[in-house]
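# Okay, structure incoming, though there's no sequence with it:
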């Protein structure tokens, strides 16, 4: 069941001021807060959000990604997904 799904992530610092944020699982309302907290505690950097292993994203997950993209752009950093 999607509601019980977990999201895991791995952060790869590929170069100074650059990172790859790899995610796996389902990004849904019940688990977006772990993702948000981790993303926000990191210093601003150009970021690639690798969602190739994400099985499902609900509207809350999309909103979370869009908010993080806006935050990166406000800090003049690139954000790709």
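Ah, there it is. Since this is a predicted model, take the numbers as computed values, not measurements.

# helices or strands up against the helix or strand harbouring residue 72?
Using DSSP states H and E, the element containing residue 72 is helix 59-74. Secondary-structure packing of helix 59-74 (3 or more C-beta pairs under 8 Å, 6 or more residues apart in numbering; DSSP states H and E): strand 18-27, helix 32-41, strand 46-57, strand 79-80. The way it works is simple: take the backbone N, C-alpha and C, and place the C-beta from them, glycine included.

# Any idea which helix or strand in the protein has the lowest mean pLDDT?
In the chain, no helix or strand scores lower on mean pLDDT, DSSP states H and E than helix 32-41, which sits at a mean of 88.

# orientation of it relative to strand 46-57 in degrees?
Comparing the axes of helix 32-41 and strand 46-57 via axes from the mean of the first three to the mean of the last three C-alpha atoms, to 10 degrees yields an angle of 180 degrees.

# Show me the contact partners of helix 32-41.
7, 9, 11, 21, 23, 27, 60-61, 64, 67-68, 71 (C-beta atoms under 8 Å, 6 or more residues apart in numbering).

# Show the buried residues in those residues.
Buried residues within the contacts of helix 32-41, counting neighbours by 16 or more other C-beta atoms under 10 Å: 7, 9, 21, 23, 27, 61, 64, 68.

# and residue 28, how many neighbours does it have?
Counted by other C-beta atoms under 10 Å, the residues lying close to residue 28 total 20.

# Low-confidence bits of the protein, can you list those?
Residues of the chain meeting the criterion pLDDT under 70: 1-4.
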